[in-house]
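**Q** Okay, predicted coordinates and the sequence, questions at the end:
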Amino acid sequence: QKEVEQDPGPLSVPEGAIVSLNCTYSNSAFQYFMWYRQYSRKGPELLMYTYSSGNKEDGRFTAQVDKSSKYISLFIRDSQPSDSATYLCAMSSGNQFYFGTGTSLTVIP
Amino acid sequence: DTEVTQTPKHLVMGMTNKKSLKCEQHMGHRAMYWYKQKAKKPPELMFVYSYEKLSINESVPSRFSPECPNSSLLNLHLHALQPEDSALYLCASSHEERDTQYFGPGTRLTVL
């Protein structure tokens, strides 16, 4: 079983839609949870990170962590064509850092 | 300033060449990382430096040789690479080894 599971998509939505991206994980020791956005041929850009269960909001983005279910989500409200990218979840425990496989998102104008 | 810089942006090299990738951060981070990323795949960890000492080497072939001259700089020396080593090489840094990582833009490497 992989440490982190993420649906690779691709996901295609119309502009203005609410996007939900999800990851599940198996290691209950994970403490830090991150979402990165990666445009084609560029390095990953940190979008949000959380340390504990609950919600964290930043503009149009909301990160949600449910440690009891070992499930994290990223919601994007009022999606824009500029949100088209690959979204990678990542989580860490101690000196181990794991990425999901990434979800490719296209927002259609 | 949350910037990690990498040079060069692009590199084309032959299998007999020796080249180096450079990474720099001025955030006072004490952990720095090298990742390799193939197309449509997540980054794969290669090396971790913590407080300028090699902390993790993920069984990377010896044709890749990391170096951490000081707390702000990280190099990756390349020698006798293979075409399958062509990839995006990403550098990242974090405050401490277990913390959130900030990535550079990457070096696109092509081995002919």
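**A** Noted; the coordinates are in hand. Residues are numbered from 1 along each chain as shown, chains lettered A, B, ... in the order given.

**Q** Closest residue of chain A to chain B?
**A** A:Phe99 (3.8 Å; C-beta to the nearest C-beta). The C-beta positions use only the backbone N, C-alpha and C, and glycine is treated the same way.

**Q** Tell me if the helix or strand B:Asn75 falls within is near chain A.
**A** Per DSSP states H and E, B:Asn75 falls inside strand B:73-79. No. Applying C-beta under 8 Å from any C-beta of the partner chain, one finds strand B:73-79 separated from chain A by no less than 14.1 Å.

**Q** In the chain, mark out all the strands, start to finish.
**A** I went with chain A, as the question did not name one. A:4-6, A:11-14, A:19-25, A:32-38, A:45-50, A:54-58, A:61-66, A:71-76, A:85-93, A:96-99, A:103-108 (DSSP state E).

**Q** right idea, wrong chain: chain B
**A** B:4-7, B:10-13, B:18-25, B:31-37, B:44-50, B:53-57, B:64-70, B:73-79, B:87-94, B:102-103, B:107-111.

**Q** By mean pLDDT, show me the worst of those strands.
**A** If the strands of chain B are sorted by mean pLDDT, strand B:53-57 sits at the bottom with a mean of 87.

**Q** Please pull out the lowest mean pLDDT helix or strand from chain A.
**A** Among the helical and strand segments of chain A, the one scoring lowest on mean pLDDT, DSSP states H and E is strand A:96-99, with a mean of 84.

**Q** Which positions within that strand qualify as buried?
**A** A:97-99 (16 or more other C-beta atoms under 10 Å in any protein chain shown).

**Q** I'm curious whether stretch A:101-108, anywhere along its length, sits up against chain B.
**A** Yes. Using C-beta under 8 Å from any C-beta, stretch A:101-108 comes into contact with chain B via A:101-102, A:104.

**Q** Let me have those in JSON lines, extended by distance to B:Arg30, pLDDT and neighbour count.
**A** Converted to JSON lines, those look like this (distance: C-beta to C-beta, whole Å; pLDDT from 0 to 100; neighbours: other C-beta atoms under 10 Å in any protein chain shown):
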{"residue": "A:Thr101", "distance to B:Arg30": "29", "pLDDT": "92", "neighbour count": "19"}
{"residue": "A:Gly102", "distance to B:Arg30": "28", "pLDDT": "94", "neighbour count": "25"}
{"residue": "A:Ser104", "distance to B:Arg30": "34", "pLDDT": "95", "neighbour count": "17"}
